[in-house]
Every structure is written in C-alpha cells, then in structure tokens.
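quick one, fold the following:
(chains A, B, C and D)
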2 protein chains.
Amino acid sequence: MARVGLSGMRLAQAGAELADEVGFDHVTVSALARRFDVQVASLYSHVRNSDDLKTRIATVALTELADQAADALAGRAGADALTAMANVYRTYAHEHPGRYAAARHTPPPPGDQPAAGARRTPAGSALGTEYVAAGRRHSELWRAVLRGYDLGEPAQTDAVRLIGSVVHGYVTLELAGSFGYSDPPSDSSWPRILDALDNLLRSWS
Amino acid sequence: MARVGLSGMRLAQAGAELADEVGFDHVTVSALARRFDVQVASLYSHVRNSDDLKTRIATVALTELADQAADALAGRAGADALTAMANVYRTYAHEHPGRYAAARHTPPPPGDQPAAGARRTPAGSALGTEYVAAGRRHSELWRAVLRGYDLGEPAQTDAVRLIGSVVHGYVTLELAGSFGYSDPPSDSSWPRILDALDNLLRSWS
DNA sequence: CGATTTGCCTAAAGGCTTTAGGCAAATACA
DNA sequence: TGTATTTGCCTAAAGCCTTTAGGCAAATCG
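Below you'll find the predicted structure:
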C-alpha cells in the first residue's frame, strides 16, 4: 500500500487540471480519487467535502489569474494596461475554461460548512479567507489600471464594477457560445469593445 | 393511484419554482418528484433525463424574461428603453435567482443527448430549438433598443454584445456577492453605469 | 362498452458523498 | 537505532440521485 503523497495542495492542483479536461461541474471527489488511483475515502483526509474541494480549486484559479494579471500590468498604463489586463482574463478563460468556471464558484456561507471537529480534519480554517483575499487582489489590480484615468470616488468603484462586468460577462457569454449565432466573429468585437470602454473611461463625468 | 397530471410543461414550471427556492443546481429529478408526491421514475415519462429537465427550465426562464422585456420596451426609446430593459433583467435575476441561473444553462450538443428510441419518450425533439429561439428573441430585443442610437454594422452587433455583457456580468457578480466588499452599495452603481453606457452608445464612433 | 393509450408504479443496477474505524508507513525522539 | 506517535490510505457501510425495464389501471376513443 504505497503512499501516493496526497495533500490539499496537490488535490486542488490536480482538480484544476481535471476541471479543464471535463468541465468544472463534472469535477467530483470520486473522479479525482480515480485519477490518483486511490480509494475515494482517502481524499477526505485532505479535503473537508466536495464543496471544500471546489473552493480550493477556485482559489487556485483565482490566484493564478491574479498572478498573470499582475505580470501583464507591469510597466503598462492607460489603455495599454486596460487591454492587457482584460486580455489576460479572456485568454485564461479560453485556455482554462474549467479553472475559469471554478473561479466563479462562490463558497457557501461558513455556517453551512460542518465544523472541524472530527478526528483528523484538514486545515481549511483559512480557506474562505484565502479565497476572499484572492478576490480582493483582483479588485486592487483593476483599481491600479484605473489610476491611469484619474477618477475620484465613487466613480472609481463604479468603473471597477463596470469593467469587471464587461470582461466577466463577455467571456462568459462567449464561452457559452452565445455570440456564435451572429456575425462578425466574437474575436473582432472584443478589441472594439475594449476601445469603446477606454473612450468611456477617459470621458467619465 | 390517482393521477397527478404531470406533463413536460408542468414539470418545467414547477422546476422553475423549485430552482428559485433551493438554487438551480439543487434542482434534481428526485426533488421534483418529491414535490409532486410521486415516484421518481414517473417523471422519466415526461422528461428525457436530468439535463433535459434543466434545459426545459432554462427555456421557461428565458421565455419569461423575453416576455417581460418586450412589455417593458413598449413605447420607450433611447436611454429610456435601455434602462427599462436592463432593469428587467436585473430585477428578474433578483426576484428569481434560480430561474436566472437556469437561463445560463447551456444544453449539451445534440450528440450527447440519447436518441429518442425508447417505448414512450417525451417529445423534446424541438427542445434545443425552442431554447435557441428564446435566445434569439433576446438579441432581437436588444437590437430594438439600439435602434434609438443609430449604429451601423458591425457597430450594432458589437454594441449588443457589450450591453449584454455588462448586464449579464453585473447581475451575475452582484448576485454572487462580489460587490459586497466595497462601498458604495451596488444599487447605487447600477444607474450610474447605465448612464455611462448610454453616453457611450450615443458617441459610438 | 370494449380497445387502446398512457400515467404512474415497483424493482433494480450503478454512481457519488460522507462517516467510522483500522493497519501500516513515515516521522520524531530518546 | 529502537520505540512511540502521527498520519496516509484502506475497507465497510449507509444514504441519496439517476436511469432503465416492465407492469397495472385510469383515461380516452371508437
């Protein structure tokens, strides 16, 4: 009975890969166990339950995405920064649809998660925290982009929400195939929309 | 053994209600059978499988939403029409989160659905079609809104995609609680964003 | 009123989740 | 290096969901 070397971290990582292959909502504790060639119950020493696993995968995705965004933003400002950051999201979603879907997975309120009282329960106490922290990083990065547009409050918050909505909405609809029924291809609308968004931000009253 | 009077239509309707109560991805054939106080297997005479049920619910939601949007659009134009239509979406999503989530459920490609060869299989052949038709209605309605802004092609398609992305993205993020971490409340960003969008459309180059 | 349709039922197989309890590999420590 | 503790992975088992097969009786149609 050799040990495979499981851990919360490895499971989240492997779960992210699995998500990209079969789709996020086909990610299951069983499927992941199969992938490690291990009994299902073994995973429950590292992961609290199915939703915990999904939240971990979400955190992995959100963190990766923030890392890439931070890289892309280095040395850029204004429209340049805006399109770079937006493209990071879109490209990531296209290359890792499962992970991107995972990033949208909101963990249930703490009350719904069973308390960590069992014999050997995985850490996870800081899990929701970690997820929230990754989310906060994203909005900080968007705020950094907006620094190039000179907006006060509450305009800046409004703008962050607008850009976030556009990028998230576009990518989601595009991935769902909603843009496939009309011409031109969605590839060509995207840069024009970013351009329009840049104009809008520059003249935000 | 009295008959309850099931049908694909009633199941979709009841499924929509159930979705609003327990969340779309907790909608299950079993839960629906329970609600009708009927054996689970009975539902399979009216619904091909779990995903078929979900697609039917999605179609109900998409159709309701299009109906409401069409009503709201009557007699309105320009910014007035834009905010009215956008508000229909947002209000619907807030009042019927389960249905709204359902509307985002993309049915799998026809090949994945088992063929209708069994003894007594529910109709459903026109199901994906009905879903697509409802989707098309939505984009037609958005195009009607844009008639007030005098855009040519491909600008009009770009604009439809932009507005759709903003509305869908905003509502999704708002419902997921993503806007709950910063001030001001998302209620107050919404009208300002619609206003900005109106400006953008009026000056679309 | 008899024949046909069809709504709902019982039975059964298979998959995913989760808990309980146990053995042995890994690690820590004397 | 030998012993003690931790802990990784296992077997067993219960519960819920999905889906198919086949059957009886209520509804409907001539």
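
how far off centre is the worst-scoring helix or strand of chain A on mean pLDDT?
Sorted by mean pLDDT, DSSP states H and E, the helices and strands of chain A end with helix A:127-146, the least confident at a mean of 91. Relative to its parent chain, helix A:127-146 has a centroid offset of 11 Å by Cα atoms, centre = their mean, to the nearest Å.

before we move on, what about stretch A:197-205?
26 Å.

can you list the buried residues in it?
Buried residues in stretch A:197-205, defined by neighbour count with 16 or more other Cβ atoms under 10 Å in any protein chain shown: A:197-201, A:204. Where you see a C-beta, it was placed from the backbone N, CA and C, and this is true even at glycine.

quickly check: stretch A:32-49 near chain B or not.
No - for stretch A:32-49, no contact with chain B is found by Cβ under 8 Å from any Cβ of the partner chain; the gap never falls below 15.2 Å.

now the nearest residue to A:Gly177 once chain neighbours are set aside: phi and psi?
With Cβ to Cβ, 6 or more residues apart in numbering or on different chains as the criterion, A:Gly177 has its nearest non-adjacent residue at 6.5 Å, and that residue is B:Thr106. Backbone torsions of B:Thr106, given as degrees, to the nearest 10, read phi -80, psi 120.

tell me the pLDDT at A:Asp112?
A:Asp112 is assigned 57 on the pLDDT scale.

returning to what we had before: state the next helix or strand along the chain beyond the least confident helix or strand of chain A.
Downstream of helix A:127-146, the first helix or strand assigned by DSSP states H and E is helix A:155-176.

gap between that next one and the chain center?
13 Å.

re the thing from before, pick the one among the buried residues of stretch A:197-205 closest to chain B.
Chain B lies nearest to A:Leu200 out of the buried residues of stretch A:197-205, by Cβ to the nearest Cβ, at 4.6 Å.

any residues touching the helix or strand hosting the closest one, and which ones?
Assessed by DSSP H and E, A:Leu200 sits inside helix A:186-202. Residues from elsewhere that reach helix A:186-202, judged by Cβ atoms under 8 Å, 6 or more residues apart in numbering or on different chains: A:78-79, A:82-83, A:86, A:90, A:146, A:149, A:151, A:159, A:162-163, A:166, A:170, A:174, A:179-180, B:154-155, B:157-158, B:161-162, B:165, B:196-197, B:199-200, B:203-205.

just the CA coordinates for that helix, please, in CSV.
The C-alpha coordinates for helix A:186-202 follow below in CSV (Å, rounded to 0.1, in the frame of the first residue of the first chain):
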residue,chain,number,x,y,z
SER,A,186,-16.6,37.5,-31.4
ASP,A,187,-12.9,37.8,-31.8
SER,A,188,-13.4,41.0,-33.7
SER,A,189,-15.9,42.6,-31.4
TRP,A,190,-13.6,42.2,-28.4
PRO,A,191,-10.9,44.8,-29.3
ARG,A,192,-13.5,47.3,-30.4
ILE,A,193,-15.4,46.9,-27.2
LEU,A,194,-12.2,47.5,-25.2
ASP,A,195,-11.6,50.5,-27.3
ALA,A,196,-15.1,51.9,-26.6
LEU,A,197,-14.5,51.2,-22.9
ASP,A,198,-11.3,53.1,-23.0
ASN,A,199,-13.1,56.1,-24.5
LEU,A,200,-15.8,55.9,-21.9
LEU,A,201,-13.3,55.9,-19.1
ARG,A,202,-11.5,58.9,-20.4
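
next, the angle from it to helix B:155-176.
In terms of direction (axes from the mean of the first three to the mean of the last three Cα atoms, to 10 degrees), helix A:186-202 departs from helix B:155-176 by 70 degrees.

pLDDT of helix A:186-202, averaged?
The model assigns helix A:186-202 a mean pLDDT of 97.

stretch A:71-85 now?
For stretch A:71-85, mean pLDDT rounds to 96.

grab the longest helix from chain A for me.
helix A:50-73 (DSSP state H).

same list (the buried residues of stretch A:197-205) but as CSV, adding distance to A:Ala16.
Listed next are the buried residues of stretch A:197-205 as CSV, based on distance: Cβ to Cβ, whole Å:
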residue, distance to A:Ala16
A:Leu197, 30
A:Asp198, 32
A:Asn199, 37
A:Leu200, 34
A:Leu201, 33
A:Trp204, 37
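
from those residues, which is closest to DNA strand C?
Taking Cβ to the nearest atom of the strand as the measure, DNA strand C lies nearest A:Leu197 of the buried residues of stretch A:197-205, at 39.3 Å.

backbone dihedrals for A:His96, please?
Dihedral angles for A:His96 - degrees, to the nearest 10 - are phi -130, psi 70.

tell me the spatial nearest neighbour of it, not counting adjacent residues.
A:Asp20 (5.1 Å).

over to A:Ser30?
Closest to A:Ser30 by Cβ to Cβ, 6+ apart is A:Val40, at 5.3 Å.

could you tell me what pLDDT the model assigned to that neighbour?
Taking A:Val40 on its own, its pLDDT is 96.

again with A:Pro97
Confidence score, pLDDT, at A:Pro97: 97.

list the buried residues for the least confident helix or strand of chain A?
A:127-128, A:130-131, A:134-135, A:137-139, A:141-142, A:144-146.

filter those down to the ones close to chain B.
Among these, the ones lying near chain B by Cβ under 8 Å from any Cβ are A:135, A:139.

closest to DNA strand C among the buried residues of helix A:127-146?
A:Leu127 (14.5 Å).

could you tell me the angle between the helix or strand hosting A:Ala86 and helix A:50-73?
A:Ala86 is located in helix A:78-95, with elements delineated by DSSP H and E. Angle, helix A:78-95 to helix A:50-73, by the same axes, to 10 degrees: 140 degrees.

I figured A:Val4 hits A:Phe36, correct?
Yes - contact criterion Cβ atoms under 8 Å: A:Val4 and A:Phe36 qualify, at 5.4 Å.

higher neighbour count, the two?
A:Phe36 (15 against 11; other Cβ atoms under 10 Å in any protein chain shown).
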